Each structure stands twice: as C-alpha cells, then as structure tokens.
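Student: pasting the sequence and the predicted coordinates here, then a few questions.
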Amino acid sequence: MSKGTMNKIVIIGEGRVGKTSLTLRYCKGEYSDTQESTINVSYLEKTVQVNETDKVNIAIWDTAGQEKFKSITPMYYQQAVCAIIVYDITYKESFDKVKSWVTELTQILDTNKIVICIAGNKCDLENNRQIDKQFAEDYAKSVGARHFLTSAKNNRGIDELFQYVGQEILKR
Ligand code: GTP
C-alpha cells in the first residue's frame, strides 16, 4: 500500500461503545462525556507519523453502530485497508457483537489483506470490566486480529492502536 495515498479505515462496533469518541480523540484531540450518536457516517483524516521517515495518510470512516443503521454499513467497507472493531469493556454484549462484525467482514472483504484491530474501549472503567483481557486477546489472535485496550476519555492506548495500523499499512 503506498504511503502517499489516502488509506481508508472503517471503525465499526455496537452503538455507544465509543467509536466517534476514539476517532475524535485521535484526529482532533477532543473528547466529550456527552458525545451524541452518529446518525449516518462521518469521516476524518489524519497523517500517522509511523517512524522518523515514513508517514501514512488515513481516512477514518466512523459509522453509526445502532442496529437500525446497520443496513447502511456494507458499502462503506469497500476499499478499506483496515477495520477497527470497537467494544466496550464494561458491556459484554458489545463484545459478543465483535464476533458478528468479524463474520460480516470476512464475507465482504479479503481479511487476509486488510488489517483488523479489536479495541476494548472505556478501559478507564476498569472496575466495571465484564470482558477478561486475556479472553479478548485470545479471541483476537484466533481471527488474525490484534487487540488493544483504549480509553477515549483518558487518551489511553489510542496512539498505540493507530501506530500499529500505520506500520501494518506500510508493510502491505
Ligand atoms: P454510536 O454513534 O451510537 O454508534 O456511538 P459510538 O460508538 O460512536 O460512541 P460515542 O463515541 O458516541 O460514545 C458513547 C458514549 O460513551 C458517550 O457518552 C461517550 O462520552 C462515552 N465514552 C466514549 N469513550 C469513552 C471512554 O473511553 N471512557 C468512558 N468512560 N466513556 C466513553
């Protein structure tokens, strides 16, 4: 994948897990405790400085996670080089949904070619954790994905996530 071109990344997952918050935190350094639901699709660009000499341009497509909007998502996967599947560590059902998203991705895209990341968001709420970290990591590995723990609120794990994405895009 050439570095100069725009690389499409789709961010998917159950409603309210923090997809928009992760995107806004990374691209704009902003966060709101009262972030509203995404109604359609939003789009933000950023340049990832992968190392001293290499940069990767990414465009993050943030979809609405609510079930009622689900029918709009498949076409947004087209041309994606990376999918970030987000769940909320305090909400078990959102992790169960990760499996559905993985299945859906494998039906639409060549998952050998795209980078798949699974982000366990809201890791600032460690005391309310419902998903074991090792369990999530083992699952990610089993589907060829890489697992990250993130907090859009506290800005944890997000740079690491996108650094990894940038590095993997450079390799391809
Ligand atoms: P949809 O657009 O409905 O699919 O939601 P989303 O997945 O984009 O989630 P959004 O970013 O709108 O965040 C949902 C709620 O969770 C908001 O109230 C956020 O402030 C909150 N939130 C997001 N990230 C974090 C986090 O890392 N920690 C905590 N504690 N709350 C978060």
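Tutor: Structure received.
Student: please, which helix or strand holds residue 86?
Tutor: Using DSSP states H and E, residue 86 sits in strand 82-88.
Student: what strands flank that strand, and is each parallel or antiparallel?
Tutor: Sheet pairing for strand 82-88, assigned by DSSP bridges, gives strand 6-13 (parallel), strand 115-121 (parallel).
Student: hmm, who's touching the shortest one?
Tutor: In other words, strand 115-121. 17-18, 21-22, 81-89, 95, 98, 102, 105, 131, 133, 136, 139-140, 143-152, 157, 161, 164-165, 168-169, 172 (C-beta atoms under 8 Å, 6 or more residues apart in numbering). Where C-beta positions appear, they are placed from N, C-alpha and C, glycine not excepted.
Student: for the ligand, which of the strands paired with strand 82-88 is the nearest?
Tutor: Proximity to the ligand (C-beta to the nearest ligand atom) singles out strand 115-121 among those, at 5.0 Å.
Student: enumerate the residues of the chain near the ligand.
Tutor: Residues of the chain lying close to the ligand (C-beta under 6 Å from any ligand atom) are 15-21, 32-35, 37-38, 64-66, 121-122, 124-125, 151-153.
Student: what about 5 Å?
Tutor: Applying C-beta under 5 Å from any ligand atom, one finds that the chain approaches the ligand through 15-21, 33, 35, 37-38, 65, 122, 124, 151-153.
Student: wasn't residue 56 part of a strand?
Tutor: Yes: assessed with DSSP: H, G, I helix; E, B strand; the rest coil, residue 56 lies in a strand.
Student: okay then, goodbye and thanks.
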